[in-house]
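>>> Next come a sequence and a model predicted from it.
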Amino acid sequence: MGEIYLSNLSGQFDYKQILDKYEQLKLQRVNLIQSKEIKVQQAKSAFKTYANMLKDFQDKFEAIKDGSFLDRKSIEIDNKDIADVTITDQSAAESMELSFTVKQLARNDVWLSQSGKASKDDSVASEDGTLTITINNEDIDIDYTSSDSLEQIANKIDQASEKINASIFFDGQNYRLLVSSRDTGTNSTLSFSDSGDLLDALDLGSTDSHVQAAQNAKIDIYGTEVESQTDRFSDVISGVEIEIKKVSSEPVRVKIAQDKEQITKMVEEFFNAYNSLVDYAKEKTGKGGELSGDFTLHSIRSSIFNTFTPFMEKGLITVNHENGHITLDRAKFTTLLASDEQELKDTIKETQKRLEPYLDAVFDPYGVIRQKEKSYDRKIEQYEDSKESTIKMLTLEMERLKKQFIHLDSMMAQMNDVKMRVAALIPKEQQ
């Protein structure tokens, strides 16, 4: 149990009040250290934000550095309610115009038993047997017993293969068995055989029970009919996928062309990311900023700016010397894109040779970003140690002073007691 101290036993001074004021005075050093630590934490946070912005700038460059983005295509389609056309491989897709008509949608194979049961819990077969369903040359065997209900048989078929669906169909009077292929196309055609009498009992597998025949999707491109197992055509045109939605004699017209607008935007986004770095550096390193006096951000900006020389030499960018922003000259860029795409690729390649190694070095574990973060961490750790040490020393000093004051207060109380006893021995007329 800790000691209990009573202040001002002598009645002559309150040492607790003195100690409290002394402690407050000493704690000002702790507050000063805390204030410095907060500034470092704020600087670290601001620098981390800059590092994230720099990473975004790097990502924007990654998207254009190899020049493949110049192959981006856009699609115009005049009848999207009939079909959709999408680009799956930008580099493989060629600029072109084409027209096609949708002749037939893909269907799955569907069989509905012509006989049924008054209850789905009624048994079906009169003997045990094995139902075999063949799909794409694969035999799927389903064993059944004479006691199996219609629902149990449906569940057995449904669980026998991922390629087949089975369910119960109620026609208003009887429960019938509905069996279908999960996938579309002629490869999903079903056929039935039976070692027992299940098929006969349900009248399944007959011509009448074949309610929908599996079929391939068909489109006609300039007189050539093309088929697909599904409603998607992925191999008809390189880098392009066609998805049909409905049959129509009306042609679907498609135009595939270089997406100049998107290509230009990607380059603009790259330079806009640089401009954001410039603005952030000005804000945070200026007077009152969290990184005021730190030239690291300006050094990085300057190094990056120097890598833009290939764009400058081609007159593709302009520099605003008031705010440091770089602007892409859209007219010159699109002209060069149309007239000499290879020259534009070479310009980007030259920029890559300069910028990529620099950014790699900046983000290297021993690069400026990581080293700066470590520097902030070391300072914060030093301040934490300093606060802990100062508080520890103050605690010890306060304990020591408290004991000294207690001893002094006790001595003064004893002196007062002696004084009072001596005074009591002296006659009042002599006092």
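Perfect, I can see it now.
>>> Dump stretch 74-94 to PDB, keeping only the CA atoms.
Output of stretch 74-94 as PDB, limited to C-alpha atoms (Å, rounded to 0.1, in the frame of the first residue of the first chain):
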ATOM      1  CA  SER A  74     -13.600   2.200 -79.400                       C
ATOM      2  CA  ILE A  75     -16.700   0.600 -80.600                       C
ATOM      3  CA  GLU A  76     -19.800   2.100 -82.200                       C
ATOM      4  CA  ILE A  77     -22.800  -0.200 -82.500                       C
ATOM      5  CA  ASP A  78     -26.100   0.900 -84.000                       C
ATOM      6  CA  ASN A  79     -28.500  -1.700 -82.500                       C
ATOM      7  CA  LYS A  80     -27.600  -2.800 -79.000                       C
ATOM      8  CA  ASP A  81     -31.000  -4.400 -78.400                       C
ATOM      9  CA  ILE A  82     -30.000  -7.100 -80.900                       C
ATOM     10  CA  ALA A  83     -26.400  -7.600 -80.000                       C
ATOM     11  CA  ASP A  84     -23.500  -6.300 -78.000                       C
ATOM     12  CA  VAL A  85     -19.900  -6.100 -79.200                       C
ATOM     13  CA  THR A  86     -16.900  -5.700 -76.800                       C
ATOM     14  CA  ILE A  87     -13.200  -5.600 -77.200                       C
ATOM     15  CA  THR A  88     -11.400  -8.300 -75.300                       C
ATOM     16  CA  ASP A  89      -7.900  -7.600 -76.500                       C
ATOM     17  CA  GLN A  90      -7.000  -4.100 -77.500                       C
ATOM     18  CA  SER A  91      -3.700  -5.000 -79.300                       C
ATOM     19  CA  ALA A  92      -5.400  -7.800 -81.300                       C
ATOM     20  CA  ALA A  93      -8.500  -5.800 -82.400                       C
ATOM     21  CA  GLU A  94      -8.200  -4.000 -85.700                       C
END
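>>> can you pull the buried residues of that stretch?
Applying a neighbour-count criterion of 16 or more other C-beta atoms under 10 Å, the buried positions in stretch 74-94 are 77, 82, 83, 84, 85, 87, 93. Heads up, the C-betas are built off the backbone N, CA and C, glycines and all.
>>> Can you add secondary structure and give the residues you listed back as JSON lines?
Output for these, formatted as JSON lines (DSSP: H, G, I helix; E, B strand; the rest coil):
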{"residue": "77", "secondary structure": "strand"}
{"residue": "82", "secondary structure": "coil"}
{"residue": "83", "secondary structure": "strand"}
{"residue": "84", "secondary structure": "strand"}
{"residue": "85", "secondary structure": "strand"}
{"residue": "87", "secondary structure": "strand"}
{"residue": "93", "secondary structure": "coil"}
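>>> What count of nearby residues applies to the residue lying closest to residue 361 once chain neighbours are set aside?
Distance criterion C-beta to C-beta, 6 or more residues apart in numbering; nearest residue to residue 361, sequence neighbours excluded, is residue 367 at 5.3 Å. The local packing of residue 367 (other C-beta atoms under 10 Å) involves 14 other residues.
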